[in-house]
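kindly generate the corresponding structure for this input.
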Amino acid sequence: MLIIVTYDVSTETAAGRKRLRRVAKVCESMGQRVQKSVFECRVDQMQLEELERRLVAEIDEREDCLRLYRLTEPANLRVREYGRFRAMNFDGPLVA
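Here you go, the predicted model:
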């Protein structure tokens with residue numbers, strides 16, 4: 001399944017800036033960055049639960065915002081891209 005992860009982490013303090021880096025690292029470990037605080041992740045149900053658990057453990061729910069969107073299949077009918085960035089083809093070869 002394709003998951004979109006978005007977050008807004010308060011960076012007014014040093015602790016907030018550390019949380020932001022940790023949240024980004026968790027997302028980078030499971031998906032690809034498509035905008036500064038937006039990631040696309042191709043995961044199964046077990047990986048989704050792990051991703052959600054790890055992200056919730058990193059944020060401060062009083063100051064930060066985290067949203068996970070599950071896109072229904074087929075994703076190619078739900079996502080339209082314009083501009084320079086092109087997302088990685090998760091189903092294609094890893095090396096071009």
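
let me know whether residue 38 touches residue 5 as I believe.
Yes - the pair residue 38 / residue 5 is scored as a contact, 7.2 Å apart, by Cβ atoms under 8 Å. Just so you know, the C-beta spots here come from the backbone N, C-alpha and C atoms, and that holds for glycine as well.

which intervals of the protein have sub-threshold pLDDT?
Across the chain, residues meeting the criterion (pLDDT under 70) sit at 73-96.

and the residue lying closest to residue 38 once chain neighbours are set aside, what are its bridge partners?
Spatial nearest neighbour of residue 38, excluding adjacent residues (Cβ to Cβ, 6 or more residues apart in numbering): residue 6 at 5.1 Å. Bridge pairing for residue 6 (DSSP bridges) gives the partners residue 38, residue 67.

more neighbours: residue 38 and residue 5, which one.
Neighbours of residue 38 and residue 5, each counted by other Cβ atoms under 10 Å, are more numerous for residue 5; the result is 23 against 16.

ok, so what distance separates that one from residue 32?
When distance is defined by Cβ to Cβ, to the nearest Å, residue 5 is 11 Å away from residue 32.
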